[in-house]
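Participant: Here's my sequence, what's the structure:
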Amino acid sequence: IANYPQMSALITDQDEDMLSYMINLEVKETKHPVHVCKIMLFFRSNPYFQNKVVTKEYLVNLTEYRPSHSTPIQWYQRYEREAYRRRHRNSSPNFFNWFCDHSLAGSNRIAEIISKDLWCNPLQYYTREEGTKISGDSQISGR
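Facilitator: Numbers count the residues shown, from 1 in each chain. Here you go, the predicted model:
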């Protein structure tokens, strides 16, 4: 996520550290009874929040993605005050505010990037450690 050019400006150093605990990304779309796009980020245990999965749902029509629901992030007590400060006193957007704030400018564009590009073409934005190679069958070797 942090390697996508239009997303990198949104991701702070702290967001990048939080995202380092992400182990999977899934996008599910349903079209009946309404078109909904559900973005799910899966996390391993981390020092920031308790959630193993955080989701954000969008109602999709011909012209836009409109946020409809997101998982409340269950911040650990030692980080909760910092998360509140970042959400309410920070004028610049960041990635985790995107989950909480349905009125964040550009929120629909973020959903579109994740669901239409990152989800479909993840290897294009995946970074690997120096010295690793991707073999013909797409497995990482050399560790």
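
Participant: A strand includes Ile39, no?
Facilitator: Yes - in this structure, Ile39 lies within a strand as judged by DSSP: H, G, I helix; E, B strand; the rest coil.

Participant: roughly how far apart are it and Trp75?
Facilitator: Separation of Ile39 from Trp75 (C-beta to C-beta, to the nearest Å): 20 Å. Glycine gets a C-beta too; all of them are placed from N, C-alpha and C.

Participant: same deal with Tyr65?
Facilitator: From Tyr65 to Trp75 the distance is 26 Å (C-beta to C-beta).

Participant: Between those two, point out the one with more neighbours.
Facilitator: Legend: neighbour count by other C-beta atoms under 10 Å for Tyr65 and Trp75, higher for Tyr65 (23 against 17).

Participant: wait, isn't that one in contact with Lys38?
Facilitator: No - look at Tyr65 against Lys38 with C-beta atoms under 8 Å: they stay out of range, at 11.4 Å.

Participant: Give me the common contacts of these two.
Facilitator: Residues touching both Tyr65 and Lys38 (C-beta atoms under 8 Å, 6 or more residues apart in numbering): Tyr58.

Participant: OK, contacts around the closest residue to Thr12 other than its chain neighbours?
Facilitator: The shortest distance from Thr12 to any non-neighbouring residue, by C-beta to C-beta, 6 or more residues apart in numbering, is to Asn94 (4.8 Å). Contacts for Asn94 were tallied using C-beta under 8 Å, 6+ apart; they are Leu10, Ile11, Thr12, Gln14, Asp15, Arg86.
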